[in-house]
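S.K.: below: sequence and its predicted model.
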Amino acid sequence: MTECIFCKIAAGQIPSDKVYEDDELLAFHDIKPWAPIHFLIIPKAHIVSMAHVGSEHAALLGRIMTLAPRLALEQGCQPYPEGGFRIVVNTGKHGGQEVHHLHVHVLGGPRPWVHG
Ligand code: AMP
Ligand code: ZN
């Protein structure tokens with residue numbers, strides 16, 4: 001039984017406010033948003049961090065990065081260049097990572113933001 005909170009969310013054992021789901025990926029709103037639009041994209045498979053990815057994850061990461069702009073617009077981010085969004089992947093202690101299951105923050109909406 002995993003103790004990883006994002007594995008539990010991916011398995012449906014902890015509820016989340018879902019933005020998107022397929023076989024490999026899940027996106028859900030951040031519980032403590034820093035910006036008017038703030039959601040996370042995670043692989044359902046447990047990958048600890050960006051420091052743990054290898055060439056075998058290239059396609060999965062590509063899928064996350066191409067999904068992000070699509071979901072950002074769907075969630076209300078205004079189009080580039082006046083609008084746009086920020087993608088953040090905190091990695092390790094110095095990188096500010098608190099949940100040790102790879103997740104991509106997608107942030108957007110009018111400023112000011114809470115931080116960032
Ligand atoms: P990080 O510092 O990059 O590891 O960020 C972890 C993020 O996960 C934070 O922004 C938290 O607010 C968010 N988070 C933690 N638990 C949950 C949860 N149960 N549902 C949604 N977001 C969460
Ligand atoms: Zn996990």
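M.R.: Received the coordinates, thanks. Ligands and ions are numbered 1, 2, ... in the order given.

S.K.: okay, now P43: neighbour count?
M.R.: Number of residues near P43 (other C-beta atoms under 10 Å) recorded here: 21. C-beta coordinates here come from the backbone N, C-alpha and C atoms, glycine included.

S.K.: where's the closest residue in space to it that isn't next to it in sequence, which helix or strand?
M.R.: Closest residue to P43 apart from its sequence neighbours, by C-beta to C-beta, 6 or more residues apart in numbering: L60 at 5.6 Å. L60 is part of helix 58-74, with elements assigned from DSSP states H and E.

S.K.: pull the CA atoms of that helix into CSV?
M.R.: This file holds the C-alpha atoms of helix 58-74, laid out as CSV (Å, rounded to 0.1, in the frame of the first residue of the first chain):
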residue,chain,number,x,y,z
ALA,A,58,10.6,10.9,-23.0
ALA,A,59,7.2,10.1,-24.6
LEU,A,60,5.4,10.5,-21.3
LEU,A,61,7.0,13.9,-20.6
GLY,A,62,6.2,15.0,-24.2
ARG,A,63,2.6,14.1,-23.6
ILE,A,64,2.5,16.2,-20.4
MET,A,65,4.2,19.2,-22.1
THR,A,66,1.8,19.1,-25.1
LEU,A,67,-1.2,18.6,-22.9
ALA,A,68,-0.3,21.6,-20.7
PRO,A,69,-1.1,24.4,-23.2
ARG,A,70,-4.3,22.8,-24.3
LEU,A,71,-5.6,22.4,-20.7
ALA,A,72,-4.4,25.9,-19.8
LEU,A,73,-6.7,27.4,-22.5
GLU,A,74,-9.5,25.1,-21.5
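
S.K.: show me what counts as buried in it.
M.R.: 60-61, 64, 67-69, 71-72 (16 or more other C-beta atoms under 10 Å).
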